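In: Here is my input, please return the structure:
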Amino acid sequence: MLINKDNLIKEFGFRTSRSGGNGGQNVNKVFSKVELFWNVAQSQIFNETEKNSIQHKLQNKITKDGFLQVIAEEDRSQLRNKEIAIKKTFILIANCLKIEKPRKPTKPNKTAIAKRLNNKKKVALNKINRLVKWYL
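Out: The predicted model follows:
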């Protein structure tokens, strides 16, 4: 499915804060950490089944209020962190909307069965030989 990224970005909300970690004095004065919030249930872009799929697969990243929360603080630039958060969100949404192919159950072929049984016999013989040597 093609996602209209421009309309989806309009639904996002952003909050900035001071980022922890390296950066010296820059960390103490620049609000470079970006938190992206998106209310999945109120989205106008996706239908109900897509929303349910997103909510189910991303339930660990969705708050009790129903907001998907993505945090980016990798870069020292607020703008770059905002781009990273948007990119992460698009990747998460795209992975949720992928339709997985059902697994076709298969049976092992005759050679695989024979190989497994021969291997079991060899292991059993090794154990028996160990016991015989121990008793002697």
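
In: The host helix or strand of residue 85 - contacts with which helices or strands?
Out: When secondary structure is defined by DSSP states H and E, residue 85 falls within helix 78-97. In terms of contacts (3 or more CB pairs under 8 Å, 6 or more residues apart in numbering; DSSP states H and E), helix 78-97 is packed against helix 5-11, strand 13-17, strand 33-39, helix 48-57, strand 67-72. The C-beta positions use only the backbone N, C-alpha and C, and glycine is treated the same way.

In: Worst mean pLDDT among those?
Out: Set side by side, these show their lowest mean pLDDT on helix 5-11, which sits at a mean of 86.

In: What residues sit buried inside stretch 61-73?
Out: 62, 67-73 (16 or more other CB atoms under 10 Å).

In: what two of these have the greatest distance between them?
Out: Checked with CB to CB, these reach their widest spread between 62 and 73, with 20.0 Å between them.

In: one step back: between strand 67-72 and the helix holding residue 85, find me the angle.
Out: With axes from the mean of the first three to the mean of the last three CA atoms, to 10 degrees defining the directions, helix 78-97 sits at 130 degrees from strand 67-72.

In: which sections of this structure are below the confidence cut-off?
Out: Counting by pLDDT under 70, the ranges of the chain that qualify are 1-3, 21-28, 136.

In: any idea how far the most centrally placed residue in the chain is from residue 86?
Out: Centroid check for the chain by CA atoms, centre = their mean gives residue 92 as the closest residue, at 7.0 Å. Here the criterion is CB to CB, to the nearest Å. By it, residue 92 lies 11 Å from residue 86.

In: what's the answer for residue 57, then?
Out: 19 Å.

In: These two - which one has more neighbours?
Out: Under the criterion of other CB atoms under 10 Å, the comparison of residue 57 against residue 86 puts residue 86 first, with 19 against 16.
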